[in-house]
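Engineer: With the sequence up front, the predicted model follows.
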Amino acid sequence: MLSLGYELLTRRSELVAIQTLDLNRQPKGTLRVLIKKSKADPLGAGRLGFTSRETTRMVDEWLAWRGPGIEFLFCPIYQGVPINRSISTTSVKRLIKTAAKQSGLSGEAAEQFSAHSLRVGAAHELLNRGFDAAAIMRAGGWKSINTLSRYLETAEHNVWE
């Protein structure tokens, strides 16, 4: 879930709204994902996001474990059984903080992470990998360069390297 949210630059509400039918397998072993719900998309036009092969592999493992017949990609698990509804946005927030703690960060540092950290961190990585503002805006669904600028204002990016 975290890898998918990171690569799609999703808000937590967008991540929990993804349905299994929104996944489209690509010939090169990646996924094209329709992100239908967004606070920046009042008309519901949606946007497309794409994954790496590694994230596709993790999604496939999750789907194999979760099994068929579940509408939402990420669902709650109760006593080892998947429940046919979406997980809550609060669950995403808790999972991110838990993952940060399990990675070895101190409790205080881990508490600084939020669901938005996926979106911010991915935008920073794309900038550092040399993608231009238009590509980053497209990947994250931003309509305004001003909004993207706020996400990237703390990025450590040496333009001279």
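Structural biologist: Yes, it's here.
Engineer: Quick check: beta-bridge partners of Gln19?
Structural biologist: In this entry, Gln19 is beta-bridged to Phe72, by DSSP bridges.
Engineer: Contacts only, for it.
Structural biologist: When contacts are counted by C-beta atoms under 8 Å, 6 or more residues apart in numbering, Gln19 touches 71-73. Just so you know, the C-beta spots here come from the backbone N, C-alpha and C atoms, and that holds for glycine as well.
Engineer: Output those residues as a markdown table; include the columns distance to Gly130 and neighbour count.
Structural biologist: As requested, the contacts of Gln19 are arranged in a markdown table below (distance: C-beta to C-beta, whole Å; neighbours: other C-beta atoms under 10 Å):
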| residue | distance to Gly130 | neighbour count |
| --- | --- | --- |
| Glu71 | 38 | 11 |
| Phe72 | 35 | 20 |
| Leu73 | 30 | 23 |
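Engineer: Pipe these into TSV and attach pLDDT and distance to Trp65 per row.
Structural biologist: Formatted as TSV, those follow (pLDDT from 0 to 100; distance: C-beta to C-beta, whole Å):
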residue	pLDDT	distance to Trp65
Glu71	96	17
Phe72	97	15
Leu73	97	13
